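Participant: how would this look folded up:
(chains A and B)
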There are 2 protein chains.
Amino acid sequence: MADWQEITGGVTAPRGYQASGITAGLKPSGLPDLALIWSDVEAIAAGVFTTSQVKAACVDYCRQRLQAKHGARAILCNAGQANAATGDQGVQDAQESAELLARELHISPGSILLASTGVIGQRIKMDALRNGIPKLVAALSETGSDAAAGAIITTDLVPKSIALETTIGDRPVRIGGIAKGSGMIHPNMATMLAFVTCDAAVSTALWQQMLARAANRSFNSITVDGDTSTNDSLIALANGQSRTPAITEMGAEAEKLEAMLTAVCQHLAKAIARDGEGATCLIEVQVTGAHDELSARQIAKTIAGSSLVKSAIFGRDPNWGRIAAAAGRAGVHFEQENLQIKLGNFLMLENGQPLSFDRAAASAYLRQVAAESSLPKDFMATNNSNDLSVDRSTIAAQRVDNPVIIAVSVGNGYGSGKAWGCDLSYDYVKINAEYTT
Amino acid sequence: MADWQEITGGVTAPRGYQASGITAGLKPSGLPDLALIWSDVEAIAAGVFTTSQVKAACVDYCRQRLQAKHGARAILCNAGQANAATGDQGVQDAQESAELLARELHISPGSILLASTGVIGQRIKMDALRNGIPKLVAALSETGSDAAAGAIITTDLVPKSIALETTIGDRPVRIGGIAKGSGMIHPNMATMLAFVTCDAAVSTALWQQMLARAANRSFNSITVDGDTSTNDSLIALANGQSRTPAITEMGAEAEKLEAMLTAVCQHLAKAIARDGEGATCLIEVQVTGAHDELSARQIAKTIAGSSLVKSAIFGRDPNWGRIAAAAGRAGVHFEQENLQIKLGNFLMLENGQPLSFDRAAASAYLRQVAAESSLPKDFMATNNSNDLSVDRSTIAAQRVDNPVIIAVSVGNGYGSGKAWGCDLSYDYVKINAEYTT
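Facilitator: The predicted structure is shown next:
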């Protein structure tokens, strides 16, 4: 039983935050493309960034800022240009973006964190950014989360947002988050951005540790096509405006906060996986019986990332052989006579040997999950990304809460872990191949 | 300039080998499905096998055999059933297969090595195997390589075969090989098998070392979809029938032999990559300037295995951003300002920054490579897998010798390495999804 409840409000649900999202003219499509998250007071800031050797200017910028100072007042995000592989000019553009915003907000540039998503090799359209920043600041609002969520997405089918509330002592503590994923219809689009706000008071070191662990159990446990981008960024602020006592070491309260942070990150991560290019369903792989959590997660990620497994699920084919083969090559030792594989409620392999099962019913299970979590036929026609109605949120939640379940046990160990992915469809190839030069 | 020439004859090109391939009734299709390679004298035997934790019975069998004794007279391979995840019964079936063949050949079962390919979870059809073995032995011939090559393939579009000759001292030394790849129209088909014969005299330890290095530079440097199978096996025999002096330590002659062994393995590996499910072209990634060969190969494999890169190539999209992103996430440190990317003759990125290039011409280059290495329209209609005519071999060679070249430099180091893959097409998804339960 989760120790929290879902609330509305996204990144502005926690106290002391405002957000905004506007159309600054960065995206050729004319859709919203500039977002701001603002904390009324200086917040503790933690970040997890792409491990790629090829990084966007904003990633280097944030890493340096967070090394110098673990605090921030604002996160600025542009969509349209990734500002990656843009050399010294890209670094200058990032710096100028922070300075422009700082002047408008009357704070130090050192209190601003940056994120970009868009085409690799393209500089930010600085003229549009310069014109946009005053409007962006003017649009800040305590109900601005949906506008920000809509302005950071690129070709995501649905916006990604969540907020949860628990109590620490007698007081409510909230964590909210928005994210963008990998609906990469345009070429070179960077993959994932997530911004998390929290109103608890927590020490810098603890917050960074919590975020790193939460990232491993969420964003680092999803796979769409195994490609890590140049711009991947997860930034989390904690501003203490819940007026709860400061959490400075691990204990019951810290665990409660970390569990809720992990739940926020997992929701956003699953929403990203479900929205993978061309995907028709979310796949959750649950691995138990491993030596430790890391090993379990490694096996789960390998299964979730297997092209053969992914295309079998798209074909509604209960193909346990591919699941077994993927588990076997995960780089984790186990005895194959201990291997057990379950798809939904269908037990297919036990003690490393195949069982007879109802293939037609197992295939029907896959078809049913996909049907239940599909978008309504007129979804894209009747809604554009600006129309962030309740209906869209309900649909987004359905898509995340109803995955295909692959449960694998590899032995008698206490290690368990999960990973999430999506199926591999014709549309993945279509989306990623059909860019006409 | 290579120090060898290509000859005909496949695995029976080296002296003292015979081979055969027959239809034993293991495959439902009625195509050839049982192959034998035979050495007139006991040969040194080396093997490289799947690293998967889920292994076929034949893999465990060969590993144990080769630990006990580094020699062999024969390799028996069945296609149709993988004999993986078949438990104790599978182990007994493997043992019985070896004993049946040993009796027919009047040798010890300990001199026989085994390989299987087919559906995971299915036992070998032992009745068909029992009936087939006498016919298989009776069919042994010094020109039997093509028959064997035809009997080990599953749904490969073309058979895979090569033989090279060099001289050591004054005498000719030959290495031949056949392989099967990953045209996996049926579900659960195991991925790759390769058998290599050599008539040089070489010490056991040296032969195993040479094979392990050659495997890293060939079969371990290809990727179709990143999925390692339960049955992957590379077995190489060296029988000394060239009557050259025994090679017992590294030196000029050993290097010559190893270079030729590597070339045989690379040809077969490239043929497998080209024949990846749904592929329209072979992709060769050349990485230079890395710290060492391993790092270079790691970057090359990551690029060749990237779904985003693969689908861009299928879309004939000269999308250097995806190549840069894949290089960056390979887990190998480099400075992004040293990154250089070339596609064919088109230099796209230098010093980590994009260059302007003729996108239309680069796209045309990709289209041209694919067109030149495509199968003739009537290829499958006019030829079946039994018809191993010269025309098929010529076509097979064209497909391998004309890859899309992606050349990446990451710095000033001396490490270079190559990897091979194929593009990701609609047909990959179709082949792997459309299995109706």
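
Participant: now A:A271: how far from B:A304?
Facilitator: Separation of A:A271 from B:A304 (CB to CB, to the nearest Å): 31 Å. From N, CA and C alone the C-beta is placed, and that goes for glycine too.

Participant: err, A:P28, not the other one
Facilitator: Using CB to CB, A:P28 is found at 32 Å from B:A304.

Participant: equivalent analysis for A:L339, please.
Facilitator: Note on A:L339: its distance to B:A304, by CB to CB, is 30 Å.

Participant: try A:Q340
Facilitator: A:Q340 sits 34 Å away from B:A304, going by CB to CB.

Participant: more neighbours: these two, which one.
Facilitator: Applying other CB atoms under 10 Å in any protein chain shown to A:Q340 and B:A304 shows that B:A304 carries more neighbours, namely 25 against 18.

Participant: part of a strand, is A:M348?
Facilitator: Yes - counting by DSSP: H, G, I helix; E, B strand; the rest coil, A:M348 is found in a strand.

Participant: that one reaches A:D358, doesn't it?
Facilitator: No - at 10.5 Å, A:M348 does not count as touching A:D358 under the criterion of CB atoms under 8 Å.

Participant: those two - which one has more neighbours?
Facilitator: Taking other CB under 10 Å, A:M348 and A:D358 do not tie; A:M348 has more neighbours (22 against 12).

Participant: quickly list what the closest residue to A:D292 other than its chain neighbours is bridged to.
Facilitator: The spatial neighbour of A:D292 that comes closest, neighbours along the chain excluded (CB to CB, 6 or more residues apart in numbering or on different chains), is A:G415 at 4.0 Å. Going by DSSP bridges, A:G415 is paired in beta bridges with A:A290.

Participant: which ones are touching A:G415?
Facilitator: With contact taken as CB atoms under 8 Å, 6 or more residues apart in numbering or on different chains, A:G415 is in contact with A:T288, A:G289, A:A290, A:H291, A:D292, A:E293, A:L294, A:S295, A:A296.

Participant: CSV for those residues, including distance to B:A330?
Facilitator: Below are the contacts of A:G415 laid out as CSV (distance: CB to CB, whole Å):
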residue, distance to B:A330
A:T288, 31
A:G289, 31
A:A290, 26
A:H291, 27
A:D292, 26
A:E293, 25
A:L294, 21
A:S295, 23
A:A296, 25
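
Participant: and those residues, which is closest to A:Q241?
Facilitator: Taking CB to CB as the measure, A:E293 is the one of the contacts of A:G415 closest to A:Q241, at 32.9 Å.

Participant: isn't that closest one up against A:K418?
Facilitator: No - judged on CB under 8 Å, A:E293 makes no contact with A:K418 at a distance of 9.9 Å.

Participant: looking at those two, which one has more neighbours?
Facilitator: Comparing A:E293 with A:K418 by other CB under 10 Å, the one with more neighbours is A:K418, at 23 against 17.

Participant: so the more buried one is in which element?
Facilitator: Element membership for A:K418 (DSSP states H and E) is strand A:415-422.

Participant: and the next element down the chain from that strand?
Facilitator: Using DSSP H and E, the helix or strand that follows strand A:415-422 towards the C-terminus is helix A:426-433.

Participant: hey, C-alpha coordinates of that next one in CSV?
Facilitator: Provided in CSV are the C-alpha atoms of helix A:426-433 (Å, rounded to 0.1, in the frame of the first residue of the first chain):
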residue,chain,number,x,y,z
TYR,A,426,6.4,-1.0,-38.3
ASP,A,427,5.8,2.6,-37.2
TYR,A,428,9.1,2.6,-35.3
VAL,A,429,10.9,2.0,-38.6
LYS,A,430,8.6,4.3,-40.4
ILE,A,431,9.1,7.2,-38.0
ASN,A,432,12.9,6.7,-37.8
ALA,A,433,13.6,6.0,-41.5
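
Participant: which other helices and strands contact it?
Facilitator: When contacts are defined as 3 or more CB pairs under 8 Å, 6 or more residues apart in numbering or on different chains; DSSP states H and E, helix A:426-433 sits against helix B:307-314, helix B:426-433.

Participant: so how far is the last one from its chain's centroid?
Facilitator: The reference is to helix B:426-433. On the basis of CA atoms, centre = their mean, to the nearest Å, helix B:426-433 sits 22 Å off its chain's mean C-alpha point.

Participant: buried residues in that helix?
Facilitator: Buried residues in helix B:426-433, counted by 16 or more other CB atoms under 10 Å in any protein chain shown: B:Y426, B:Y428, B:V429, B:K430, B:I431, B:N432, B:A433.

Participant: just the buried members of the contacts of A:G415?
Facilitator: With neighbours counted using 16+ other CB under 10 Å, the contacts of A:G415 contain these buried positions: A:T288, A:G289, A:A290, A:H291, A:E293, A:S295, A:A296.

Participant: just put those residues in JSON lines and tack on pLDDT.
Facilitator: Output for the buried ones among the contacts of A:G415, formatted as JSON lines (pLDDT from 0 to 100):
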{"residue": "A:T288", "pLDDT": "98"}
{"residue": "A:G289", "pLDDT": "97"}
{"residue": "A:A290", "pLDDT": "97"}
{"residue": "A:H291", "pLDDT": "96"}
{"residue": "A:E293", "pLDDT": "96"}
{"residue": "A:S295", "pLDDT": "97"}
{"residue": "A:A296", "pLDDT": "97"}
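
Participant: show me what A:I168 bridges to in the sheet.
Facilitator: Beta bridges link A:I168 to A:R171, judged by DSSP bridges.

Participant: now that it has come up, it's in contact with A:E253, right?
Facilitator: Yes - counting by CB under 8 Å, A:E253 is a contact partner of A:I168 at 5.3 Å.

Participant: any common contacting residues for these two?
Facilitator: Contact criterion CB under 8 Å, 6+ apart; residues shared by A:I168 and A:E253: A:I247.

Participant: quick one: the helices in chain A, in order.
Facilitator: Counting by DSSP state H, chain A has helices at residues A:57-68, A:87-105, A:126-138, A:145-152, A:204-216, A:252-274, A:293-305, A:307-314, A:320-328, A:359-372, A:379-382, A:390-401, A:426-433.

Participant: closest to B:F219 out of those?
Facilitator: Taking CB to CB, helix A:320-328 is the member of the helices of chain A nearest to B:F219, at 16.8 Å.

Participant: tilt between that closest one and strand A:346-350?
Facilitator: Here the directions of helix A:320-328 and strand A:346-350 differ by 60 degrees (axes from the mean of the first three to the mean of the last three CA atoms, to 10 degrees).

Participant: who does helix A:320-328 touch, helix- and strand-wise?
Facilitator: Helix A:320-328 makes packing contacts with helix A:293-305, helix A:307-314, strand A:340-343, strand A:346-350, strand A:404-409 when contacts are defined by 3+ CB pairs under 8 Å, 6+ apart.

Participant: next one: the longest one to chain centre, how far?
Facilitator: Right, the one you point to is helix A:293-305. Its chain's C-alpha centre and that of helix A:293-305 lie 18 Å apart, by CA atoms, centre = their mean.

Participant: got it, and the third one?
Facilitator: Averaged C-alpha coordinates place strand A:340-343 at 27 Å from its chain's average position (CA atoms, centre = their mean).

Participant: show me what that strand packs onto, helices and strands only.
Facilitator: Using 3+ CB pairs under 8 Å, 6+ apart as the contact test, the elements touching strand A:340-343 are helix A:320-328, strand A:346-350, helix A:359-372, strand A:404-409.

Participant: there's contact between A:A57 and A:A94 in this structure, I believe.
Facilitator: Yes - taking CB under 8 Å as the definition, A:A57 is a contact partner of A:A94 at 4.2 Å.

Participant: which neighbours do these two share?
Facilitator: Counting by CB under 8 Å, 6+ apart, the contacts common to A:A57 and A:A94 are A:N83, A:S116.
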